[in-house]
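>>> here you go, sequence then predicted model.
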Amino acid sequence: MPELSSPKMLIEIWSDIVCPFCYIGKRRLENALELFSNQDKIEIIWKSYQLSPDLKTNPEQSINQFLAEHKQIPVEEAEKMNAYVTEMASEVGLTYHFEKAIVANSFNAHRLIHLSKEVGKQNEAEELLFRSYFTDGKNIDDTETLVQLGIELGLVADRIKSVLNGTEFADEVRKDVYDAFQVGVKGVPFFVFDRKYGISGAQPASLFTQVLEKSFSEWNQNPLNQKTV
């Protein structure tokens, strides 16, 4: 007889690799899931989003300079904002090095994440790309860098190069962004639990726990979500 399989409740997350709050939000959700007794019945799907889709990758520009120009504020204010976010990140065990971060368009990184999803490594790809950008100061729009990161994830080098040198997964990235607007996403991170409840921003782990328990309780009461052949 075939083995019984259990369906899982879906958590969809719209995120951008260059969004500092997205990495923090990821960690806070993970902290909530660690204390959740039914975490084995949760499936997380990451959705692409771009805060600055027209951004031109520029290794010569500092993140503080980019933020100042983007928000039309003094560089000193941008430095304070990034210092604040760095402190927020440290509270969940993350180390941000904005002084090393490279201004980069995230479109190709999102395509690599879609490729990683094919082999069940999407969450690992998100984590690696976040760390590469915010901690290690790597250029996430550089093909060779993305190939090396993909290899680190266990992907085949030739397959990664084929994707990055072509247009594969470009439509998937654009569809994710389109879906975000359809859902009403106005900023990231944005978390949707069981396609019913949303959390916007890197909220405290306690809120993630509250919504997680409520949405799962309702999901679990649905007879269709019991074990099926």
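Perfect, I can see it now.

>>> what's in contact with stretch 105-121?
With C-beta atoms under 8 Å, 6 or more residues apart in numbering as the test, stretch 105-121 has contacts from 16-18, 45-46, 48, 50, 52-53, 55-57, 122, 124-126, 129, 140-141, 143, 146, 149-150, 153-155, 159-160, 163-164, 168-170, 172-173, 176. Every C-beta, even on glycine, is put in place using the N, C-alpha and C of the backbone.

>>> same deal with stretch 42-55?
8-16, 18-19, 33, 36, 70, 103-107, 110, 113-114, 117, 122-123, 126, 172-173, 176-177, 179-180, 185, 188, 190, 212, 216.

>>> average pLDDT for that stretch?
Stretch 42-55 shows a mean pLDDT of 96.

>>> so which bits of it are buried?
42, 44, 46-50, 55 (16 or more other C-beta atoms under 10 Å).

>>> before we move on, back to that, and the buried ones among the contacts of stretch 42-55, selectable in ChimeraX?
Listed next is the ChimeraX selection for buried residues among the contacts of stretch 42-55, using 16+ other C-beta under 10 Å:
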select :9,11,12,13,14,15,16,18,19,33,36,103,104,105,106,107,110,113,114,117,122,123,126,172,173,176,177,180,185,188,190,212,216
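
>>> mind listing the strands for this protein?
9-15, 42-48, 190-193, 197-200 (DSSP state E).

>>> in a markdown table: these, plus distance to Thr95.
Converted to a markdown table, the strands of the chain look like this (distance: least, C-beta to C-beta, whole Å):
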| stretch | distance to Thr95 |
| --- | --- |
| strand 9-15 | 19 |
| strand 42-48 | 22 |
| strand 190-193 | 23 |
| strand 197-200 | 25 |
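
>>> all helices of this structure, in order?
Using DSSP state H, the helices of the chain run over 20-34, 63-71, 75-90, 107-117, 122-134, 143-152, 157-164, 170-183, 205-220.

>>> most tightly surrounded among those helices?
Greatest average neighbour count among those goes to helix 107-117 (a mean of 24), per mean count of other C-beta atoms under 10 Å.

>>> average pLDDT for that helix?
Averaged over helix 107-117, pLDDT sits at 98.

>>> now stretch 103-116 - C-alpha only, PDB.
Taking C-alpha atoms only, stretch 103-116 is exported to PDB below (Å, rounded to 0.1, in the frame of the first residue of the first chain):
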ATOM      1  CA  VAL A 103      24.500  48.100  -3.900                       C
ATOM      2  CA  ALA A 104      23.100  45.400  -6.200                       C
ATOM      3  CA  ASN A 105      19.900  44.600  -8.100                       C
ATOM      4  CA  SER A 106      18.300  41.500  -6.600                       C
ATOM      5  CA  PHE A 107      16.600  40.200  -9.800                       C
ATOM      6  CA  ASN A 108      19.100  37.500 -10.600                       C
ATOM      7  CA  ALA A 109      19.400  36.400  -6.900                       C
ATOM      8  CA  HIS A 110      15.600  35.800  -7.000                       C
ATOM      9  CA  ARG A 111      16.000  33.700 -10.100                       C
ATOM     10  CA  LEU A 112      18.600  31.600  -8.200                       C
ATOM     11  CA  ILE A 113      16.100  31.100  -5.400                       C
ATOM     12  CA  HIS A 114      13.500  29.900  -7.900                       C
ATOM     13  CA  LEU A 115      16.100  27.400  -9.200                       C
ATOM     14  CA  SER A 116      16.800  26.300  -5.700                       C
END
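
>>> can we start the residue count at 25 from this point?
Shifting the count to begin at 25 puts that one at stretch 127-140.
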